[in-house]
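J.: starting from these lines, generate the structure:
(6 chains)
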Protein chains: 4
Amino acid sequence: MARGINKAILVGNLGNDPETKYTQGGMAITKISLATTSVRKDRDGNPQENTQWHRVTFFGKLGEIAAEYLRKGSQVYVEGEIRYDKYTGQDGVEKYFTEIVANEMQMLGGRGEGGGGGGGDRPSRPQRQESAAPRRQPSSQSSPPPADDFSDDDIPF
Amino acid sequence: MARGINKAILVGNLGNDPETKYTQGGMAITKISLATTSVRKDRDGNPQENTQWHRVTFFGKLGEIAAEYLRKGSQVYVEGEIRYDKYTGQDGVEKYFTEIVANEMQMLGGRGEGGGGGGGDRPSRPQRQESAAPRRQPSSQSSPPPADDFSDDDIPF
Amino acid sequence: MARGINKAILVGNLGNDPETKYTQGGMAITKISLATTSVRKDRDGNPQENTQWHRVTFFGKLGEIAAEYLRKGSQVYVEGEIRYDKYTGQDGVEKYFTEIVANEMQMLGGRGEGGGGGGGDRPSRPQRQESAAPRRQPSSQSSPPPADDFSDDDIPF
Amino acid sequence: MARGINKAILVGNLGNDPETKYTQGGMAITKISLATTSVRKDRDGNPQENTQWHRVTFFGKLGEIAAEYLRKGSQVYVEGEIRYDKYTGQDGVEKYFTEIVANEMQMLGGRGEGGGGGGGDRPSRPQRQESAAPRRQPSSQSSPPPADDFSDDDIPF
DNA sequence: TTTT
DNA sequence: TTTT
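T.: Below is the predicted model of the structure:
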């Protein structure tokens, strides 16, 4: 029986373009690195800028949407669950990492670049060399998953 | 300028009694280990109980309140900020840990006694040395507490 | 396309037993009156207890669960959407009311009883007939429940 | 003693420019009308766009910041408390309204236009007849409150 | 690594 | 009344 609430609510900006992989079953797994910056007081009481970098993971349909619409610099609202994971590195040492498994996502800031097709009237954002990596065409979400295994080194990224 | 939202909202139960320390300046720093259990689907689609153990830290007055009122097994609402920290262990290896720095706390479950056990009334404010004293053993919460959370060398502060 | 976030997060106590109706299609619609009390400063800066009574509505399966497990005095976590509705009363006057349409619910307080009490194992959940039995008077929550919430002509559905 | 959680988390767009008044004591009270749009299923299961208009009130310093930076069309994150209020109209009839009393606000959408009065370099958004109502010049937040009473007809707006 |  |  469900017991407890574990919810993260984030608004921040992507530090990089999303990374997407597909499971053998064809499910998208998209990961982003999300910065949330706030002002905190340090031990001396001085205000100080503080940035936390969240690893956010989107599964399935949400992963496809994130892959299609989010880009480096995008501002986004994310809601999800905090997960503390552990894995054994190649050096045999146990490593810990924390991720936010998203269950809700909302792009912020107007149409916010990213996006698919042309014709937009408000490109504003940097739009860096998106052409660099030919992304699968993001038609709706019917895009056939590339035959791409979900290997161990996918996570953690 | 503040930029972004970084908020955790948790409802869960303490795996152990709180641990409180005081800075030289006399500020309380209380840490708890908080379990949130939910039902998730595993990779095969089967529902599966999933427990996350959060390290939650309370500073100052909130730390004193947490120390006074929370006990192993207590159910509590916590709101705070997710912080990803890194430190270098005695073995010279960088270690990562994540904590929730609480800014709001609310005891749940009636008057709240934490654990079931002992007949003691609510003890007065935490004394500094109180950590030495063995606290009543808190039945009611059968889930095994995470191994040796919050020992001194675990979390540097 | 979804645009915006509209989320209420509540922890409070029921002022009355839930009221459940069923649509012709057999879908449960359960309504509760939920009190959240906090300390606020009034205009003069004096701290003052402040109770808000939320009308919370649960649809479908969640409505059935709420009907089964919640009772007057129960403490509950609710997450939902804020809805501002309007209807025309029998007097021809437009009336406004606000409700929280829940999409997540979590019973709080361990056994549901307030109080710490006995070392017993966790008894099973409240049965339906339990309402007959005089429940503990919800101490701690002295504020009177709102008058006759959720009568038929109150809320049109 | 505080008891309960009453939290609204909103991301939406302003339907109009903010309205600001000052109490006799000089405290700013800024109100906005905030739209949150989402997709919901109606009773027939058809997806349907749904917009809720929230009345959000900012007090004090937050009210000054909101007045300075927010404008019609601005996208904003707001966190606050849900308040159900009642007043007696001039017709002697009791009226109810609900507002969100904000305790946190975050502008979204990049530089977000808005900004101060004339001559700005960043006007992008429609900026409809903002000239209609001469706004106090929003210098930082030191702007001296106009000798403007906070009269009864200010609220509800 | 983002953003302001 | 906003936005997409």
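
J.: contacting residues around the residue nearest to residue A:28 when sequence neighbours are not counted?
T.: Closest residue to residue A:28 apart from its sequence neighbours, by C-beta to C-beta, 6 or more residues apart in numbering or on different chains: residue A:63 at 3.5 Å. Using the backbone N, CA and C atoms, a C-beta is placed for each residue, glycine as well. Taking C-beta atoms under 8 Å, 6 or more residues apart in numbering or on different chains, we find residue A:63 in contact with A:20, A:27, A:28, A:29, A:30, A:57.

J.: likewise for residue A:10?
T.: Shown in contact with residue A:10 (C-beta under 8 Å, 6+ apart): A:34, A:36, A:54, A:56, A:77-80, A:100, B:4-7.

J.: can you tell if the one helix or strand residue A:34 maps to touches DNA strand E?
T.: Here residue A:34 sits within strand A:28-41, counting by DSSP states H and E. Yes - looking at strand A:28-41 against DNA strand E by C-beta under 7 Å from any atom of the strand, the contacts come from A:33, A:35, A:37.

J.: what about stretch A:95-115, near chain C?
T.: Yes - for stretch A:95-115 and chain C, the contact criterion (C-beta under 8 Å from any C-beta of the partner chain) is met by A:104, A:106.

J.: what mean pLDDT would you report for that stretch?
T.: For stretch A:95-115, mean pLDDT is 80.

J.: and that stretch, is it in reach of DNA strand E?
T.: No - using C-beta under 7 Å from any atom of the strand, stretch A:95-115 stays clear of DNA strand E, with a minimum separation of 8.3 Å.

J.: convert that stretch to CSV, retaining C-alpha atoms only.
T.: Provided in CSV are the C-alpha atoms of stretch A:95-115 (Å, rounded to 0.1, in the frame of the first residue of the first chain):
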residue,chain,number,x,y,z
LYS,A,95,28.7,4.8,-6.1
TYR,A,96,25.6,6.7,-5.2
PHE,A,97,23.6,9.1,-7.2
THR,A,98,20.3,10.8,-6.9
GLU,A,99,17.9,11.4,-9.6
ILE,A,100,14.5,12.9,-10.1
VAL,A,101,12.1,10.7,-12.0
ALA,A,102,9.8,13.1,-13.6
ASN,A,103,6.1,12.5,-13.9
GLU,A,104,5.1,15.9,-15.1
MET,A,105,6.9,18.4,-17.3
GLN,A,106,6.0,21.8,-18.5
MET,A,107,8.0,24.0,-20.8
LEU,A,108,8.3,27.6,-19.8
GLY,A,109,9.1,30.8,-21.4
GLY,A,110,6.9,31.2,-24.4
ARG,A,111,7.3,28.6,-27.1
GLY,A,112,10.9,28.4,-25.9
GLU,A,113,12.7,27.4,-29.0
GLY,A,114,13.6,23.8,-29.0
GLY,A,115,10.6,22.6,-30.8
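
J.: by mean pLDDT, which helix or strand of chain A comes out lowest?
T.: strand A:28-41 (a mean of 91; mean pLDDT, DSSP states H and E).

J.: the residue nearest to residue A:28 belongs to a helix?
T.: Yes - the assignment for residue A:63 is a helix, going by DSSP: H, G, I helix; E, B strand; the rest coil.

J.: got the buried residues for stretch A:8-23?
T.: A:8-14, A:17-18, A:20-23 (16 or more other C-beta atoms under 10 Å in any protein chain shown).

J.: span of that stretch from start to end?
T.: 25 Å (C-alpha to C-alpha, to the nearest Å).

J.: tell me the mean pLDDT for that stretch?
T.: Rounded mean pLDDT across stretch A:8-23 is 97.

J.: can it be found next to DNA strand E?
T.: Yes - judged by C-beta under 7 Å from any atom of the strand, stretch A:8-23 and DNA strand E are in contact via A:12, A:13, A:14, A:15, A:16.

J.: how about those in CSV, adding distance to residue A:71 and secondary structure?
T.: Converted to CSV, the residues of stretch A:8-23 next to DNA strand E look like this (distance: C-beta to C-beta, whole Å; DSSP: H, G, I helix; E, B strand; the rest coil):
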residue, distance to residue A:71, secondary structure
A:12, 14, strand
A:13, 10, strand
A:14, 7, strand
A:15, 11, coil
A:16, 9, coil
